[in-house]
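# Using only what follows, build the 3D model:
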Amino acid sequence: MGTRLISAAVGIVIAVIILILHDTIVLNIAVGLISAIMVYEVLRAGRCIKLRLTCIPAVIYAAVNPFLVTGSSAKYRFSVTFLIMLCIFATYIIQHKTLKYYRLMFIIASTLLISNAMCTLIIMHDMDKVNGFMYLIMGLCGAWLADSGAYFAGTFFGKRKLCPEVSPKKTVEGFIGGIFVTGLLFMLINFGYSKILPNISDYTVHVNYLEVCLLGMLLAVVGTVGDLSASVLKRQCGIKDYGNIMPGHGGLMDRFDSVVFVAPCLYAFITVFNIYK
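From the prediction side, this is the model:
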């Protein structure tokens, strides 16, 4: 328990520093580093990491992509993506005796999904000078609040297992509780945001609380799908955790698996609905 608490404390400190420096290149560096490690962890879990010639371009793409999603460098994103995919397929030809097609597809799918999903955090941050930071916060909270809410609801009220073969500790009651807790907390967080923003800037914001509540509940469901999907992959790969970079917590993929689904969902939602006026 002590190791787990120390790891959590260190993680929180690093996260706070990154959030304080969110308007600098530190955010891009952090997302690039996290994405690269996540891709590496998944490829290792899928027993692909020995195919270094193919995995190296995949990890490089995950590290570089966050610098290409916004600003003047965005015009190079397609070219870089195409070049990386070309390199990966070139290694497929070179290693055709050892690199099977299903491992090739696994490497490509994992790389594109994880990297581009994590990059939506930067896209949302940069798309709105006023509310971008709040989008970033919600992209992270939408994943982690639901998990915490489900844990406490399941602890007190949990009886029926949600997916016992995939995640034995998750319960139906916890899942439902996490949905409502996330919706409520999203409203409270945005209420505080609407009160604090005018005091620290020249801007004011009016929150559509119904849409914010529905958004929180939706992200709780999507985050659970992401968490369970990552758990299924772990079970099929025969591993307990994706890594040990955070002792007591596992790897970065173990911590950000829900974010991979939550961040793109949040981006899709805010491009269709106006949660702020």
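
# what sits against the residue nearest to residue 70 when sequence neighbours are not counted?
Distances taken as CB to CB, 6 or more residues apart in numbering place residue 126 nearest to residue 70, at 4.1 Å, with adjacent residues excluded. The C-beta positions use only the backbone N, C-alpha and C, and glycine is treated the same way. Applying CB atoms under 8 Å, 6 or more residues apart in numbering, we find residue 126 in contact with 69, 70, 71, 132.

# Scan this protein for its longest strand.
Taking DSSP state E as the criterion, the chain has its longest strand at strand 167-171.

# Give me the helices and strands touching that one, please.
Counting contacts by 3 or more CB pairs under 8 Å, 6 or more residues apart in numbering; DSSP states H and E, strand 167-171 packs against helix 132-157, strand 161-163, helix 209-237.

# Now with 7 Å, please.
In terms of contacts (3 or more CB pairs under 7 Å, 6 or more residues apart in numbering; DSSP states H and E), strand 167-171 is packed against helix 132-157, strand 161-163.

# Give me the buried stretch members for that strand, please.
Using 16 or more other CB atoms under 10 Å as the test for burial, strand 167-171 gives 167, 170, 171.

# Return it as CSV; C-alpha atoms alone will do.
Extracted in CSV, the C-alpha atoms of strand 167-171 (Å, rounded to 0.1, in the frame of the first residue of the first chain):
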residue,chain,number,x,y,z
SER,A,167,-12.8,-7.5,-14.3
PRO,A,168,-13.9,-9.4,-11.2
LYS,A,169,-14.1,-6.3,-9.0
LYS,A,170,-16.5,-4.3,-11.2
THR,A,171,-20.2,-4.5,-10.3
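
# quick one on the thing from earlier: any quick ChimeraX command for the buried ones out of the contacts of residue 126?
Only the buried entries of the contacts of residue 126 go into this ChimeraX selection, using 16+ other CB under 10 Å:
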select :69,70,132
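
# In strands, which of the contacts of residue 126 fall?
Judged by DSSP E, strands contain none of the contacts of residue 126.
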